[in-house]
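A.B. asks: Below: sequence and its predicted model.
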Amino acid sequence: MGETRTIGTILAALETIAPLPLAEPWDNVGLLLGDREKPLAGPVFLTIDLTEASLDEAKRAGAGLIIAYHPTIFHPLKRITTDDPKGRTLVGVIESGIPVYSPHTALDATEGGVTDWLCEMLAPQGADLPSHGDRRALQPCAVSDPNATHKIVTFVPQDHAERVRDGLASVGAGRIGAYSNCSFTTQGEGTFLGDEGTTPMIGKAGALESAPEVRLEMVIAEGAIPLAMEILRALHPYEEPACDVIPLASKPRRTVGAGRRIHLDQPMTPKQLAANLKVNLGVDAVKIACAGDDPVSTVGVCPGAGGSLIDSAIADGCTLFLTGEVSHHEALGAIQRGCSILLAGHTNTERGYLPSYAERIKAQVPGVEVITSRADGPVFATV
């Protein structure tokens, strides 16, 4: 028999697809309700919004996990009762025992996520994908490696360096991605003068000494530093090992983060892009606020409500911005600065990604069943 999958197993796969540190600081992502140690007892159920209707659908399907793209719990709650729809939904989830997870802006920001999918919706129908040239995040996300938050640097005689390196590696230092025992050494000369009462390894107390040494550098996780310092003192031949612990900045990645700036291989007018978007999304209408009729080549993209990224898009040379919804004043301000706006509806710029998300989950967890809600749909309709 195969190993029983737990909710935690699925969550690890979800966070491989969309690491939670990519989410916006204001967001509420991750496991919102439930026990990660519980066995997965049914299919994974995908929905944009978890409502009473989609919850009933999930329960009828025997779902073992609900992934609600929009966080089911977002604002602080003072009470959860059945007096209102939100409360009834949360009470229903708790009574059902189905865990609820939200990826939201982490799934937007990740490579191959919602935002990258929405970029493709601007392509002419039938065009080979990807249809764009350069593509980068409007606000690149700085990604930190939890195994390399700091660098530990020490200075040690050459013939003791391997022993110290191996000792530090035994507590997790020197791990970079799938590689372990990573280090760097440079040769130099160290000097020291011991006070009376010291017993230096080389020379004698009260005399200035010099010795050939190597500078040994290894990355390390913050939580491992105290033990690493203990190991270093135990294995280093000097009474007082020289050591630096240096915090490392996160490294921005241009392909992940909020929004996208894309350069079209073939410039198109705002109305042509609107027509492409309408067909590819399968929506009844797309709103357009034109700053002009000339073809555009640089476009900003953000699913959902992207008004907060308009300034970044314009500063990055975009002359058209695609999102789900913005306010009247945000749109007016954009066109006055020469940037047209395309609006396709908040969840219309998100929901179409769910089939792709389902395939990515199944690729990460072979054999898992993933179903997409039929009850979940856009709030607004065009009449």
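C.D. replies: Received it, and whenever you're ready, just let me know what you need. Numbering: from 1, shown residues only.
A.B. asks: Show me what the least confident helix or strand in the chain by mean pLDDT is packed against.
C.D. replies: When the helices and strands of the chain are compared on mean pLDDT, DSSP states H and E, strand 132-136 comes out lowest with a mean of 81. With contacts taken as 3 or more C-beta pairs under 8 Å, 6 or more residues apart in numbering; DSSP states H and E, strand 132-136 sits against helix 114-120, strand 251-258, strand 260-268. Glycine gets a C-beta too; all of them are placed from N, C-alpha and C.
A.B. asks: out of the ones you listed, nearest to R351?
C.D. replies: helix 114-120 (9.6 Å; C-beta to C-beta).
A.B. asks: Now distance to Y357 too, for the helices and strands packed on strand 132-136, in CSV please.
C.D. replies: Output for these, formatted as CSV (distance: least, C-beta to C-beta, whole Å):
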stretch, distance to Y357
helix 114-120, 8
strand 251-258, 16
strand 260-268, 17
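A.B. asks: Give me the longest strand you can find in the protein.
C.D. replies: strand 208-220 (DSSP state E).
A.B. asks: Report the mean confidence score over that strand.
C.D. replies: If you average the pLDDT over strand 208-220, you get 89.
A.B. asks: Parallel or antiparallel, list what pairs with it.
C.D. replies: Neighbouring strands of strand 208-220 in its sheet, by DSSP bridges, are strand 150-156 (antiparallel), strand 184-193 (antiparallel).
A.B. asks: Show me which positions of it end up buried.
C.D. replies: Across strand 208-220, burial judged by 16 or more other C-beta atoms under 10 Å covers 211, 213-220.
A.B. asks: which of those lies closest to N276?
C.D. replies: V219 (45.6 Å).
A.B. asks: List the residues that contact the closest one.
C.D. replies: 145, 147-148, 150-152, 173-176, 182, 248 (C-beta atoms under 8 Å, 6 or more residues apart in numbering).
A.B. asks: deepest of the strands paired with strand 208-220, which one?
C.D. replies: strand 150-156 (a mean of 20; mean count of other C-beta atoms under 10 Å).
A.B. asks: okay, and for the stretch 1-150 of the chain, where does confidence drop off?
C.D. replies: Within the stretch 1-150 of the chain, the stretches with pLDDT under 70 are 1-3, 127-132.
A.B. asks: repeat for the stretch 201-350 of the chain
C.D. replies: 201, 203, 206.
A.B. asks: Show me the helices in it, by range?
C.D. replies: 225-235, 270-281, 310-315, 328-336 (DSSP state H, counting those that start in this stretch).
A.B. asks: In the third one, which residues are buried?
C.D. replies: Buried positions in helix 310-315, judged by neighbour count with 16+ other C-beta under 10 Å: 310, 312-314.
A.B. asks: For it, name the packing helices and strands.
C.D. replies: Going by 3+ C-beta pairs under 8 Å, 6+ apart, helix 310-315 lies up against strand 296-301, strand 320-323, helix 328-336.
A.B. asks: Most neighbours among the contacts of V219, which one is it?
C.D. replies: Within those, most neighbours by other C-beta atoms under 10 Å means A173, with 30 neighbours.
A.B. asks: Which parts of the protein belong to which domain?
C.D. replies: Using automatic domain parsing, the domain parsing of the chain gives 7-107+352-372, 111-141+256-345, 150-249.
A.B. asks: re the thing from before, now the longest strand of the chain against helix 225-235, angle please.
C.D. replies: Counting by axes from the mean of the first three to the mean of the last three C-alpha atoms, to 10 degrees, strand 208-220 points 140 degrees away from the direction of helix 225-235.
A.B. asks: Nice, that's everything, thank you.
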